[in-house]
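# Starting from these lines, generate the structure:
(2 chains)
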Amino acid sequence: MLAAPLVLGTAAAYLLLLFAVAAWGDRRARQGRSVVGNAWVYALSMAVYCTAWTYFGSVGRAASGGIWFLPIYLGPMLAMTLAWLVLRKMIRIANHYRITSIADFVASRYGQSPLLAGLVTLITVVGIVPYIALQLKAIASGYAVLTTPLGAEPAARGPWWQDGTLAVALALAGFTMVFGTRHRDASERHEGMVTAIAFESVVKLLAFLAVGAFITWGLFAGPGDLFARAQAVPELATLLTLGQGQPFPYAQWLALTLLSMLSVVFLPRQFQVMVVENVDERHLKRAAWVFPAYLLAINVFVLPIALGGLLYFGGRSVNPDTFVLSLPLAAGQPTLALAAFIGGLSAATGMVIVEAIAVSTMVCNDLVMPLLLRLRRFARHGDLTGLLLGIRRAAIVVILLLGYLYFHFAGEAYALVSIGLISFAAVAQFAPALLGGMYWKGGTRGGALAGLLAGFGLWVYTLMLPSIAKSGWWHTDFVDAGPWGIVLLRPEQLFGLAGLDYLTHSLFWSLLANVGLYVAVSLARLPSAREASQALLFVDVFERTQSAHPVFWRGRAELTDLLALAGRFLGAARARTLFEDYARRAGLGGFEQIEPDAQLVQFVETQLAGVIGSASARVMVASAVQEEALALDDVMRILDEATQLRAYSRALEEQSASLRRATEELRAANEQLKSLDRLKDDFMSSVTHELRTPLTSIRALAEMMADDPQMDVAQRQQFLGIVVAETQRLSRLVNQVLDLAKIESGHAEWRNSDVDMRALVQQAAQAMAEPLREQGTQLTLELPERVPTLRADADRLTQVLLNLLGNAAKFVPKPGGRIGLRLTTDAAGVTVQVRDNGPGVPEEQRSLIFERFHQGGDINHRPTGTGLGLPISRQIVEHFGGRIGLRADIDQGACFEFTLPWEAPEQAARDTGDPP
Amino acid sequence: MTTKILIADDEPNILISLEFLMKREGYEVHLARDGQEALELLRRERPRLVLLDVMMPKKTGFEVCQEVRNDDDIRSTLILMLTAKGRETDVVKGLALGADAYMTKPFSTRELVQKVREMLEAVP
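Below is the predicted model:
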């Protein structure tokens, strides 16, 4: 045995060490070099699953039931390796919507229902208190074992104010308060606590392994020896078999495994370390194998220790629960026993701390706060940050005291293990509502409520009450014979289901009722708008992790109201910082510019949820903004409107686009018309000018002649000559204008035939022969022997030739003029050149001579032409695919040249009429 | 003392017609065949009135008109513009540039004579 002060001193020292580790973890977190950011720490923190139960209870169970201690650890192993995807989704949801506890999760999913949150919290408290009592009992027993001489009876417990366990409970409460309630925002992770938990996981593992190793190789000669010796003893041999002599109860095994699978997630402390304290989803991958490995390691020596103890102590009545301590003590290894005690203490304190923190958060956020907020005094004003902390601390103390009370009054009745399993069964009731909520959008608040109530009720009836009765607190009549004598309603054989152990039986009925009512009630009524919105957010969390917009929300909010609300719970400075961050992220200048819209409200609500839980946050925000409750019909209507609006706007867009296109086309057409108009105007004014000029002379002269019948004959003759000439000029002009107009507009007639250019040129020369001779101009021809025929309009080509010859004739000196007419052919076509020895075309007029109405020459040599000859010639030549121009490479005179290709272009060919 | 009149037009036949007409009316007639010559004669002979064609080479009737009005010596010359272009804008332009009257071709000889007489009598 060990001296009490030694034990106490070591225990205190260890707790201080734990505290130091936590403080270090917190400090590192503040410095930004978080310890928790390590996947190993995360994985190890999960090992808080192994409590003093592992140390004492497992061994005790193994001692009586062989491998029946295993399912409780198989379950978590299976859960981690198979279902880590479920965890991942849970973590994503929790991270995203700032969920701080199981109650928060459930309540948030079903439309932020305070009722649901409160119910879950209540169930948790009721379910956890026995478990905490178990830890206290383990510590007390362990202490007793260490300090009482072997074989002696442990000292009877004195009155409660002298009870050491109470002191332990209070010490643990104080410890927990320091650990976990320094921060106001519960969603700020308790990094220090997680670090300490990871540390103590290592400690307890090492201690247990040490004891196990000692027993296996120290007391015995190794596992082989141990098992062989156990086989030799008949009672022990049965422990090694699966069924222990009975048909293997699969149902029980299954039930236990299932139970532990669920509890590894739904125990408040597990939820806390796995989901709430998770900093990085990817850590889950590491944990998926580290945690099972840990469980394996810590369970390796359970059976050996149990067997060893049984063998060692033989028939002596040593409580198998305490083999871990009593064996080393008896074997003369007090230090090892102390180490084992510290290990057990470590396990117990770990569980208590985390559990207390988790449950106190739930109690504060989901039980007390909603009630308080109903009181108008609190709902209206005041800084509630201090109050929140106070409530949490009080909750911790109360929970621990409750645990102590349970231990004091009921702890002796049942073996440790049974108490633990009852707690497991309680938290298992959360499974349908929570898992259903994550994967089924149809789950409603009503369904969750119904399921939880039914499950919890059945749990109370089939597990809790019998356990209380059996520990002597109630008469056991109703357990044995059913309430009011109704046999069918016997708590442990409900409706006649016999043959199952009490746990499996309870699990069966409670889960059946839970799931059944959850599904039935959910299907019976459609989810409300709020529930549907939250369902989408939860079930589709992986698709929606960009932003958590409230899906359906309608209301008005004031920025100042929201800021004030945030300030009440987060502190004014912190709230302001948050708003400014929000504004900055939205790209606004300052937080005053934030639009108080649905997104902001959601943001504020999320922040508040981190402090007071989502249900309370919902209540507070709803009070601060004027919301309109949306019925599902409203939502459908909004959706319809939105769809319609979108369709309309699309139609409008298309219309305006086509309108724009039409306008563009119109504008282009207008431009074209205007320019054509301008051209036409110019042409028209030119034509009118040209026509009016000769008319002027004709009219004036004619009038004058008419006025004066006595006019001098010579004068009259002169005038008449002018009139005649101008008339001719006029008609020439009119003809040419019409000709040009026809050609240009494509209405001219083209009579194509096989033209012999040689003959044509000769004919033209012939026609001009007389006038040329009269003015003393010499015309020379240069023609090849034979020229291939060309498909063209002979008359038109003659027109061109005559035009060129006529022009040349106008400008050559008279007499002494010389005109050269040359015809050549090549592969491309035929070329005609008309060269004269006139003054030539001045540089500046070269580009103008083909313009309409441009008349060459100068003022003194006003030609008699109309100025349209060359433009017409150009039109004709180009119609047949040729080109006409003035050669620039001669010194004196002018040389006009046109070419015609052998292959006429399509247009000319198309215009072909039959040859005459 | 016979009134001096200048006729400026690039069409020879029109010059002939107008010359005969004005001479018949008893005016002393000077002829110019382009804008440049017109200005020279205006400055040299100082006719009281000029029959000014618009479309002339070297200087158009508009330009002549402008220069006359800017020249102190000959500013008071009466200008009667003649043109075959009948657009509204040309009339306005001519009058804006300082022409006293505007007639479109072909004109009536009677009307022309009438107009010249009016213009001359208006200014003593």
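
# Which helix or which strand is home to residue A:209?
helix A:191-213 (DSSP states H and E).

# and if you look at residue A:884?
Using DSSP H and E, residue A:884 falls in strand A:883-886.

# So the nearest residue to residue A:366 once chain neighbours are set aside versus residue A:751, what's the distance?
Using C-beta to C-beta, 6 or more residues apart in numbering or on different chains and skipping the chain neighbours, the partner closest in space to residue A:366 is residue A:117 (3.6 Å). Yep, even glycine has a C-beta here, placed from its N, CA and C like the rest. Going from residue A:117 to residue A:751 by C-beta to C-beta, to the nearest Å gives 103 Å.

# Who has more neighbours out of those two?
Taking other C-beta atoms under 10 Å in any protein chain shown, residue A:117 and residue A:751 do not tie; residue A:117 has more neighbours (30 against 15).

# what pLDDT does the more buried one get?
On pLDDT, residue A:117 comes in at 88.

# need the contact list for it.
A:103-104, A:106-107, A:362, A:365-367, A:370, A:613-615 (C-beta atoms under 8 Å, 6 or more residues apart in numbering or on different chains).

# Go again with 6 Å.
Listed by C-beta atoms under 6 Å, 6 or more residues apart in numbering or on different chains, the contact partners of residue A:117 are A:103, A:107, A:366, A:615.

# picking that back up, from the chain's centre, how far out does the strand holding residue A:884 sit?
72 Å (C-alpha atoms, centre = their mean, to the nearest Å).

# What of stretch B:35-43?
11 Å.

# one step back: what lies in contact with the helix holding residue A:209?
Under C-beta under 6 Å, 6+ apart, the answer for helix A:191-213 is A:18, A:21-22, A:25-26, A:29, A:35-36, A:41, A:44-45, A:47-48, A:179-180, A:277, A:298, A:301, A:305, A:324, A:339-340, A:343, A:346-347, A:350.

# Quick check: buried residues in that helix?
Within helix A:191-213, the residues scored as buried using 16 or more other C-beta atoms under 10 Å in any protein chain shown are A:191-201, A:203-205, A:207-208, A:210-212.

# so which helix or strand takes in residue 40?
No chain was given, so I picked chain A. Going by DSSP H and E, residue A:40 is in helix A:39-45.

# that's the wrong chain, I meant chain B
helix B:35-45.

# Any residue of that helix touching chain A?
No - Helix B:35-45 lies out of reach of chain A by C-beta under 6 Å from any C-beta of the partner chain, never closer than 9.2 Å.

# what's downstream of that helix, the next helix or strand?
Next along from helix B:35-45, by DSSP H and E: strand B:49-53.

# how about residue A:782, phi and psi?
The phi/psi pair for residue A:782 (degrees, to the nearest 10) reads phi -130, psi 110.

# ok, so what distance separates it from chain B?
37 Å (C-beta to the nearest C-beta, to the nearest Å).

# Is that residue bridged to anything, and to what?
Counting by DSSP bridges, residue A:782 is bridged to residue A:822.

# Any idea how many residues pack against it?
When neighbours are counted by other C-beta under 10 Å, residue A:782 comes out with 12.
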